[in-house]
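**Q** I'll drop the sequence and a predicted model, then ask my questions.
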Amino acid sequence: MQINSIVIVGGGTSGWFTASALNKHCPEVRVTLIESPAVRTIGVGESTLLSINKFFRSLGMKDKDWMPHCDATYKGSIKFTDFYKKGEVFHYPFGFLDFTVSEYGTDDWFLKKWIYPDTPQSDFADTYWPAMPLINKNRVNLNKENIIPNFNIDRDWAYQFDAGKLGHWMRKNLCSKTTYIRDHVTDIKLDERGWISSVATKEHGDLTADLYVDCTGFRSLLLEQALKVPYISYSDMLINNGTWATKIPYENPNIEMDLTTNGTAINNGWVWNIPLWSRIGSGYVYSKDFINKDDALIEFQKHIGHGDELDYHHIDIRNGRHKQCWHKNCLAVGLSYGFIEPLESTGLVFAHEGVDKLVIALQSRDRHITQLDRDCVNREMQIHIDSIKHFIGYHFFGSVRDDTEYWRWYTQELEMGEHWNDTFAAPLGLGSVGKHRKDQTMELSRSRFHSFTSNGFSDGTACITAGHHINFYTDYIRDKIAQQTPLWTGSSRDYFKGYMKKVFDYWDQRKKRINELADKSPTLYEYLKENIYT
């Protein structure tokens with residue numbers, strides 16, 4: 001079938017992402033967006049990943065145009081406080097790693113950690129992401145003199161913003177070709193084949209289209225409720241299912257406006273801290289299996305140091321996805337397809353990636369869509385969200401905390417078994433269930449002995465591994481040094497010593513140089529005030 005008209009049910013970020021992209025890249029398609037006047041936008045603050053840059057640039061969005069209208073700030077890293085154990089912090093920064101003098105990627109640092117066990121886990125991020133001195137000191141530098149290797153602020157930092165305000169800005173500035181209807185959806189009508197035939201509204205009657213995009217959030221009004229697409233829960237691993245959210249006023253934005261989204265692990269989950277321009281968004285993501293709703297609010301208030309003077313909202317969440325995101329003539333985008341708790345800021349990733357795949361499908365064959373197109377989009381989205389499930393879980397079960405029942409469940413009781421997916425388990429050396437024995441996979445992993453990224457790891461997984469003090473190469477390194485044989489391709493042990501000295505010296509000199517640059521640079525607040533909020 002050829003797609004000439006699309007009805008988007010639901011506004012919010014997913015709805016306006018979809019409408020904006022269709023207006024820009026598929027202007028020949030008639031787009032209608034229906035938004036219910038009864039749906040409340042909480043707007044506690046949304047945190048993003050680097051992939052948002054490509055999406056925003058494709059829409060022609062420039063920072064100076066949209067950021068002042070959306071309470072937006074820059075984000076250079078995700079910070080994890082008390083996740084490994086209380087009192088320890090590590091980062092997952094954004095951007096390209098610096099391998100200027102490194103021949104063996106991130107293995108160099110894990111060797112350093114083995115040689116010098118007291119090396120703090122925060123040193124991993126400080127070593128490979130040259131902009132970390134800026135992040136650690138909340139400073140902004142455009143790097144016009146190329147002092148920071150591999151760093152470009154337009155490419156390597158993401159954003160934190162008010163998602164409700166962003167949706168409003170997109171509607172006004174990017175969606176002039178979209179027919180906007182503010183009305184209640186009363187029914188989703190199906191034809192004899194079980195396809196959607198129309199969307200019934202209270203005041204505008206029945207609306208028809210060739211394709212319907214479900215942006216109704218956790219309700220999944222079209223995909224789940226009308227088309228009965230099964231839901232696959234991730235609660236076997238990701239047990240957080242409730243959230244308390246609020247907005248915290250600044251006392252001193254020049255200090256509190258942070259270049260990171262901070263997640264702090266507490267007794268029964270974790271608390272986010274998202275600094276926007278006018279205030280801080282904060283929320284407690286917790287498990288109702290270990291604490292009730294009312295006690296969770298008390299725990300949250302104690303953590304942030306505020307009480308009933310703030311306005312709090314509770315959100316029930318569920319981790320998982322539907323069997324398909326594109327079923328018949330309905331595509332679910334964002335929460336209506338799937339959700340993973342916001343520890344790694346993946347919420348908007350699933351939204352704009354779903355939109356990207358829709359645009360590509362429409363552009364590929366003159367808007368002709370077949371089951372092959374739907375199957376390809378479904379497979380790509382399934383692989384992505386399933387892999388993120390294991391990545392997020394690693395933050396919890398990689399910990400050594402056992403101070404509450406919640407943390408003991410994750411670190412002492414959760415058995416991975418069939419939960420491991422091959423792409424995540426094999427690079428860790430933990431085995432590929434049903435295909436390799438643990439020792440065989442471990443040997444394969446060691447024999448490669450390359451960087452995490454070449455070994456199947458993402459940069460993020462490497463950061464979490466370092467942050468949890470996990471070093472799977474220890475035995476291999478110990479054996480080689482004990483035998484006094486070359487560790488890699490060098491002809492002598494002297495080569496190895498010389499190589500590591502060169503690497504360590506470069507790291508130390510670069511950190512010193514960029515720390516000096518950071519001390520001379522404006523704070524995030526100062527930079528935004530001068531360049532964005534003018």
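**A** Arrived safely, thanks for sending.
**Q** By mean pLDDT, point me to the weakest helix or strand of the chain.
**A** Lowest mean confidence among the helices and strands of the chain (mean pLDDT, DSSP states H and E): helix 438-448, at a mean of 32.
**Q** any weak-confidence spans in the stretch 351-500 of the chain?
**A** Counting by pLDDT under 70, the stretch 351-500 of the chain contains low-confidence ranges at 417-458, 472-496.
**Q** do that again at 90, thanks
**A** Applying pLDDT under 90 to the stretch 351-500 of the chain picks out residues 387, 390, 415-462, 465, 469-500.
**Q** Now do the helices in it.
**A** Assigned by DSSP state H, counting those that start in this stretch, the helices in the stretch 351-500 of the chain fall at 371-397, 405-408, 422-428, 438-448, 459-467, 474-482, 493-519.
**Q** which outside residues touch the shortest one?
**A** Applying C-beta atoms under 8 Å, 6 or more residues apart in numbering, the contact partners of helix 405-408 are 265, 267, 268, 269, 287, 290, 291, 399, 401, 402. The way it works is simple: take the backbone N, C-alpha and C, and place the C-beta from them, glycine included.
**Q** Now with 6 Å, please.
**A** Residues outside helix 405-408 that contact it (C-beta atoms under 6 Å, 6 or more residues apart in numbering): 268, 290, 401, 402.
**Q** Am I right that residue 295 falls within a helix?
**A** Yes: remark: residue 295 belongs to a helix, assigned using DSSP: H, G, I helix; E, B strand; the rest coil.
**Q** Any figure for the gap between it and residue 286?
**A** Distance of residue 295 to residue 286, computed by C-beta to C-beta, to the nearest Å: 9 Å.
**Q** residues shared between the contacts of those two?
**A** With C-beta under 6 Å, 6+ apart, residue 295 and residue 286 have no common neighbours.
**Q** So which of those two has more stuff around it?
**A** residue 286 (29 against 13; other C-beta atoms under 10 Å).
**Q** Kindly state the pLDDT recorded for residue 251?
**A** Note for residue 251: predicted pLDDT of 97.
**Q** domain assignment for this protein?
**A** Recorded structural domains for the chain (assignment: automatic domain parsing) are 5-73+160-231+323-394, 95-156+416-518.
**Q** quick one: which of the ones you listed is nearest residue 312?
**A** Closest to residue 312 of the domains of the chain is domain 5-73+160-231+323-394 (C-beta to C-beta; 10.0 Å).
**Q** The closest one: how far from the chain's middle?
**A** Between the centre of domain 5-73+160-231+323-394 and the centre of its chain there are 17 Å (C-alpha atoms, centre = their mean, to the nearest Å).
**Q** That domain: end-to-end distance?
**A** 42 Å (C-alpha to C-alpha, to the nearest Å).
**Q** where do the helices sit along the stretch 51-200 of the chain?
**A** Along the stretch 51-200 of the chain, the segments classed as helices by DSSP H, counting those that start in this stretch run 51-58, 63-66, 107-115, 122-128, 132-136, 153-156, 163-174.
**Q** Let me know the angle separating the first one from helix 163-174.
**A** Here the directions of helix 51-58 and helix 163-174 differ by 20 degrees (axes from the mean of the first three to the mean of the last three C-alpha atoms, to 10 degrees).
**Q** pLDDT (mean, whole number) over helix 51-58?
**A** 96.
**Q** from the contacts of helix 405-408, which single one is nearest residue 228?
**A** Closest to residue 228 out of the contacts of helix 405-408 is residue 290 (32.3 Å), distances taken as C-beta to C-beta.
**Q** Show the low-confidence segments of the stretch 51-200 of the chain, by residue range.
**A** Counting by pLDDT under 90, the ranges of the stretch 51-200 of the chain that qualify are 102-117.
**Q** The closest residue in space to residue 96 that isn't next to it in sequence and residue 182, how far apart?
**A** Nearest non-adjacent residue to residue 96, counting by C-beta to C-beta, 6 or more residues apart in numbering: residue 150, 4.1 Å away. From residue 150 over to residue 182 the distance is 46 Å, taken as C-beta to C-beta.
**Q** neighbour count winner among those two?
**A** More crowded of residue 150 and residue 182, by other C-beta under 10 Å: residue 150, with 18 against 13.
**Q** Could you tell me the phi and psi values at the more buried one?
**A** phi 60, psi 30 (degrees, to the nearest 10).
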